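Chemist: sequence below, structure please.
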Amino acid sequence: MRSDRASHEGPTRSQLLRLSAALSLSAAWPFRASAQNPGAVRMNTRPIPSTREALPVVGCGTWIGFDVAAGSAEYQRLPGVLDALFASGGTVIDSSPMYGRAEAVTGDLLAASNQRAKAFLATKVWTSGRDAGIAQMEQSFARLRTDRIELMQVHNLVDWRTHLKTLRGWKDKGRVRYVGITHYTASAYAEVEAALRAEKLDFLQINYSFDEREAAQRLLPLAAERGVAVIVNMPFGGGGLLRRLRDKPLPAWAGEIGCTSWAQVLIKFVLSHPAVTCTIPGTSRPEHMADNAAAGAGPVPEAAFWRRKDVSLPL
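Modeler: As a prediction, this is how the structure comes out:
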């Protein structure tokens, strides 16, 4: 469901001025390639505003794709997904206790390949009550086979005030490095905005895509103003947009921005917004991970590119 407020009410003049100031800083750190292996094409990074730590711009979501049984044909493909992510310079792997076996599968794969140190692990708490939240997060540590999680997020804002209080203490103790909130639907944007204004957060994870742009009206400018990193969780419009495009030929303008697939076009669109730090398209196939990661290398078009009359999707 689309929020009328999100769809029709734009940012105020004062918000635009503050956003302009915030984004002017980004000109000094647009996208930069990894210094490792300079002879290879590597994924670009953007800084996490609260620390300036460089974060690769394309990661991997684990919803559905990593919720598979050990030993299955689907499971056998997953080591290649992580190899493709890391080979490109990517690090971010996002999961949640609501994704079935995904956390445990991620932990098992990283342990088996001895690649935990390469990963920026992000997961979530998705329950109500302080004690239940602590128990669920402890379970995530166990499933991911780690004693430190890079990013813990309050999933879909469930009891966010309670969990953020716990997470502030855990961050002070070094158990988590960053804290954030998530959502995926415009109907929740008013509460997301309230949380962004009320709390000091490191990350916001939100939906944003070519066909769902409401977050750009208020949330992305507010995140930039508040110094909050943004992870985009649905760059393909939930999958439906990519399915509709899959068999359509790429237009000539796709080559202008270095894209060889529709997935890359959709990812480049998301990364064109300067408030976006990273996007996490989900996949369970190594070849799709490599294709997604390729969109994170090389130049990214400016927002004006997408307003050209010849730039449209054949839907």
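Chemist: what are the ranges of the strands in the stretch 151-300 of the chain?
Modeler: Along the stretch 151-300 of the chain, counting by DSSP state E, counting those that start in this stretch, strands occupy 176-182, 203-206, 229-232, 278-279.
Chemist: tell me which of those is the most buried.
Modeler: strand 278-279 (a mean of 28; mean count of other C-beta atoms under 10 Å). All C-beta atoms are positioned from the backbone trio N, CA, C, and that covers glycine.
Chemist: so can I have TSV of the strands of the stretch 151-300 of the chain showing distance to Asp131 and mean pLDDT?
Modeler: Supplementary listing: the strands of the stretch 151-300 of the chain in TSV, determined by distance: least, C-beta to C-beta, whole Å; pLDDT from 0 to 100:
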stretch	distance to Asp131	mean pLDDT
strand 176-182	18	98
strand 203-206	24	98
strand 229-232	28	98
strand 278-279	32	98
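Chemist: tell me which of those approaches Arg168 most closely.
Modeler: Minimum separation from Arg168 across the strands of the stretch 151-300 of the chain (C-beta to C-beta) falls at strand 176-182, 7.1 Å.
Chemist: packing partners of the closest one?
Modeler: Using 3 or more C-beta pairs under 8 Å, 6 or more residues apart in numbering; DSSP states H and E as the contact criterion, the secondary-structure elements in contact with strand 176-182 are strand 149-154, helix 160-173, helix 189-198, strand 203-206, strand 229-232.
Chemist: so where is this structure shaky, pLDDT-wise?
Modeler: In the predicted model of the chain, residues 1-41, 238-239 satisfy pLDDT under 70.
Chemist: how about 90 then?
Modeler: By pLDDT under 90, the weakly predicted segments of the chain are 1-42, 238-240, 246, 303, 315.
Chemist: just send the helices and strands packed on strand 176-182 back as CSV, with distance to Ile257 too.
Modeler: Conversion of those to CSV gives the following (distance: least, C-beta to C-beta, whole Å):
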stretch, distance to Ile257
strand 149-154, 29
helix 160-173, 37
helix 189-198, 29
strand 203-206, 23
strand 229-232, 17
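Chemist: for Phe141, which of those is the nearest?
Modeler: Here strand 149-154 is closest among the helices and strands packed on strand 176-182 (C-beta to C-beta), at 6.6 Å.
Chemist: just the CA coordinates for that closest one, please, in CSV.
Modeler: Taking C-alpha atoms only, strand 149-154 is exported to CSV below (Å, rounded to 0.1, in the frame of the first residue of the first chain):
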residue,chain,number,x,y,z
ILE,A,149,27.6,-8.6,15.0
GLU,A,150,28.4,-5.6,12.8
LEU,A,151,24.8,-4.3,12.5
MET,A,152,21.7,-5.2,14.6
GLN,A,153,18.5,-3.7,13.4
VAL,A,154,15.0,-3.5,14.8
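Chemist: touching it from outside, list them.
Modeler: 119-125, 137, 140-141, 160, 163-164, 167, 170, 175-182, 202-203, 205 (C-beta atoms under 8 Å, 6 or more residues apart in numbering).
Chemist: pull up the pairing partners for that strand, direction included.
Modeler: Each strand pairing with strand 149-154, determined using DSSP bridges, is listed with its direction: strand 120-125 (parallel), strand 176-182 (parallel).
Chemist: quick check: angle from it to helix 189-198?
Modeler: In terms of direction (axes from the mean of the first three to the mean of the last three C-alpha atoms, to 10 degrees), strand 149-154 departs from helix 189-198 by 130 degrees.
Chemist: so how far is strand 149-154 off the chain centroid?
Modeler: Averaging C-alpha coordinates over strand 149-154 and over its chain gives two centres that are 12 Å apart (C-alpha atoms, centre = their mean, to the nearest Å).
Chemist: mind listing what's buried along stretch 99-117?
Modeler: Neighbour-count burial for stretch 99-117 flags 99-110, 116 (criterion: 16 or more other C-beta atoms under 10 Å).
Chemist: let me know the closest of those to His155.
Modeler: Checking the buried residues of stretch 99-117 against His155 with C-beta to C-beta, the nearest one is Tyr99 at 9.9 Å.
Chemist: the residue lying closest to the closest one once chain neighbours are set aside: how many residues sit nearby?
Modeler: Taking C-beta to C-beta, 6 or more residues apart in numbering, and ignoring the residues beside it in sequence, Tyr99 has Trp63 as its nearest neighbour in space, at 5.0 Å. The number of residues packed near Trp63 is 17, by other C-beta atoms under 10 Å.
Chemist: ok, now how distant is Asp291 from Met98?
Modeler: 27 Å (C-beta to C-beta, to the nearest Å).
Chemist: which one's more surrounded, those two?
Modeler: Neighbours were tallied for Asp291 and for Met98 using other C-beta under 10 Å; the higher tally belongs to Asp291 (20 against 16).
Chemist: surely the more buried one touches Val265?
Modeler: No - the criterion here is C-beta atoms under 8 Å, and Asp291 misses it with Val265 at 11.2 Å.
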